[in-house]
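In: Structure for the following, please:
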Amino acid sequence: MKAIVQDTYGPPDVLRLGEVDRPLPGDDEVLVRVHAAGVDPGVWHLTSGLPYLVRLMGPGLRAPKAHVPGNDVAGRAEAVGKNVRQFQPGDEVYGRKPAGDGSFAEYVAVPMGRLAPKPANLTFEQAAAVPVSGVTALQGLRDKGRVLPGQKVLVIGAGGGVGTFAVQLAKSFGAEVAGVCGPAKVDLVRSIGADHVIDRSNEDFGDGTRYYDLILDTAGRRSLQELRRALTRRGILVIVGGEGGDRWLGGFDRQMLRAPAVSLFASQKLQALNAKVQTRDLEVLRRLIEAGKVTPVIDRTYPLAEAPEALRYVHEGRARGKVVVTVAEV
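Out: Next comes the predicted model:
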């Protein structure tokens, strides 16, 4: 089958279109014919091997163990393992490949616990934008943030992949939502339901005039001190991702080390989020999407052969919502 192949860590240029063996589904897996695959910053970290901390988490120290990148997937079930009962060949599905060779390929084997029926009102391209970013936003707001109706929620990076889902989900939970974004994304963030939009180029959300019960930081570059100034006395900060920083720890030291340490001595709760995509949350998102409460925002789509360009575009931070790689026509 055709797939994007990676033999070494590096910039997107290390990726190439090649031929690899088609995977066989394990007993608890579904072989998915990939129609589309989402692109998120996590794919860039795994491709580049940066920060070096990422390599210690399992992908490989000197070179990547998995040679096909990609997390999100949407497509049709081609075959199912002997223990799989909830899916049949031909079913339209979406989900995430958690480890091993990924979704930038014509076929991928996905554990059944990481798949769900595709939302009926979405195209495959739209569905591929949902799993990682949608579940991250959901778990950040619901599980870590414990958002309640009427609370004031601030989403930093509201125009990005996780941010566009977070704004819509917070509104669906009954919160009053403010979104922080760059000037090019102000109209987008307003259009998806934000009650207030803060243009980071000329406004400071931490100026002491506004306080939030929950801050979901998806941008990963602001200091804990700055974020805490915008929280209520018992507010909750949830940090997603680890952008910025050096080549060793990146921005992950802020969420993994400093935030928990500060939280021990503060009335505010500061915590990191390491989202795990599972069927039950994909089902929650499917119901919300089919009810019209959440709609994926897609900036661009790229054919499989141009996956390196898609990854570069996401890493530059310019994407309005999600970027998707289309595979079925290859």
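
In: which SS class is Arg221?
Out: Here Arg221 is coil, with the state taken from DSSP: H, G, I helix; E, B strand; the rest coil.

In: Can you get me a residue count around it?
Out: 15 (other Cβ atoms under 10 Å). (Each C-beta comes from the backbone N, C-alpha and C, glycine too.)

In: wouldn't it be in contact with Gly241 here?
Out: No: between Arg221 and Gly241 there is no contact, the gap being 9.7 Å when judged by Cβ atoms under 8 Å.

In: between the two, what contacts are shared?
Out: Contact criterion Cβ atoms under 8 Å, 6 or more residues apart in numbering; residues shared by Arg221 and Gly241: Gly251.

In: Can you name the next helix or strand after the lowest-mean-pLDDT helix or strand in the chain?
Out: Here the helix or strand of the chain ranked lowest by mean pLDDT, DSSP states H and E is helix 252-253, holding a mean of 71. Next helix or strand after helix 252-253 toward the C-terminus (DSSP states H and E): helix 259-263.

In: Summarise which helices and strands the following helix or strand past that next one is packed against.
Out: Sequence-wise, the next helix or strand downstream of helix 259-263 (DSSP H and E) is strand 269-273. Strand 269-273 sits against helix 224-229, strand 231-240, helix 259-263, with contacts defined as 3 or more Cβ pairs under 8 Å, 6 or more residues apart in numbering; DSSP states H and E.

In: okay, the ones you listed in TSV with mean neighbour count, mean pLDDT and distance to Ile198 next?
Out: Output for the helices and strands packed on strand 269-273, formatted as TSV (neighbours: other Cβ atoms under 10 Å; pLDDT from 0 to 100; distance: least, Cβ to Cβ, whole Å):
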stretch	mean neighbour count	mean pLDDT	distance to Ile198
helix 224-229	16	92	13
strand 231-240	21	96	15
helix 259-263	16	79	22
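
In: how about CSV for the ones you listed, with distance to Gly163 added?
Out: Rendered in CSV, the data for the helices and strands packed on strand 269-273 read as follows (distance: least, Cβ to Cβ, whole Å):
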stretch, distance to Gly163
helix 224-229, 15
strand 231-240, 9
helix 259-263, 19
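
In: can you tell which of the ones you listed is closest to Val73?
Out: Among the helices and strands packed on strand 269-273, the nearest to Val73 by Cβ to Cβ is strand 231-240 (20.9 Å).

In: Spatially central residue for this protein, please.
Out: For the chain, Ser133 is the residue whose C-alpha lies nearest the centre (Cα atoms, centre = their mean; 2.7 Å).

In: excluding its backbone neighbours, what's nearest that residue?
Out: Gly161 (4.0 Å; Cβ to Cβ, 6 or more residues apart in numbering).

In: Now the phi/psi pair for that neighbour, please.
Out: phi -60, psi -60 (degrees, to the nearest 10).

In: Quick check: the gap between it and Gly134.
Out: Remark: distance between Gly161 and Gly134 (Cβ to Cβ, to the nearest Å) = 9 Å.

In: re earlier: quickly find the element holding the residue nearest to the centre of the chain.
Out: Ser133 is located in helix 131-138, with elements delineated by DSSP H and E.

In: Only alpha carbons, please: show that helix as PDB.
Out: Extracted as PDB, the C-alpha positions of helix 131-138 are listed here (Å, rounded to 0.1, in the frame of the first residue of the first chain):
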ATOM      1  CA  PRO A 131     -10.600  12.500  17.400                       C
ATOM      2  CA  VAL A 132      -7.400  14.000  18.900                       C
ATOM      3  CA  SER A 133      -8.500  17.600  19.000                       C
ATOM      4  CA  GLY A 134     -12.100  17.000  19.900                       C
ATOM      5  CA  VAL A 135     -11.400  14.500  22.600                       C
ATOM      6  CA  THR A 136      -8.600  16.800  24.000                       C
ATOM      7  CA  ALA A 137     -11.000  19.700  24.300                       C
ATOM      8  CA  LEU A 138     -13.700  17.500  25.800                       C
END
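
In: and the following helix or strand past that helix, what does it pack onto?
Out: Using DSSP H and E, the helix or strand that follows helix 131-138 in sequence is strand 152-156. Strand 152-156 sits against helix 161-172, strand 176-181, strand 212-217, with contacts defined as 3+ Cβ pairs under 8 Å, 6+ apart.

In: switch to 10 Å and redo it
Out: helix 161-172, strand 176-181, strand 196-199, strand 212-217, strand 231-240 (3 or more Cβ pairs under 10 Å, 6 or more residues apart in numbering; DSSP states H and E).

In: Just name the most buried of those.
Out: helix 161-172 (a mean of 28; mean count of other Cβ atoms under 10 Å).

In: quick check: angle from it to strand 176-181?
Out: If you take axes from the mean of the first three to the mean of the last three Cα atoms, to 10 degrees, helix 161-172 sits at 160 degrees to strand 176-181.

In: Dump helix 161-172 to PDB, restricted to CA.
Out: Extracted in PDB, the C-alpha atoms of helix 161-172 (Å, rounded to 0.1, in the frame of the first residue of the first chain):
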ATOM      1  CA  GLY A 161      -7.400  22.700  16.300                       C
ATOM      2  CA  VAL A 162      -8.200  22.100  20.000                       C
ATOM      3  CA  GLY A 163      -9.400  25.600  20.500                       C
ATOM      4  CA  THR A 164     -12.200  25.600  17.900                       C
ATOM      5  CA  PHE A 165     -13.600  22.500  19.500                       C
ATOM      6  CA  ALA A 166     -13.200  23.900  23.000                       C
ATOM      7  CA  VAL A 167     -15.100  27.000  22.300                       C
ATOM      8  CA  GLN A 168     -18.100  25.100  20.900                       C
ATOM      9  CA  LEU A 169     -18.000  22.400  23.600                       C
ATOM     10  CA  ALA A 170     -17.900  25.000  26.400                       C
ATOM     11  CA  LYS A 171     -20.900  26.800  24.900                       C
ATOM     12  CA  SER A 172     -22.700  23.500  24.700                       C
END
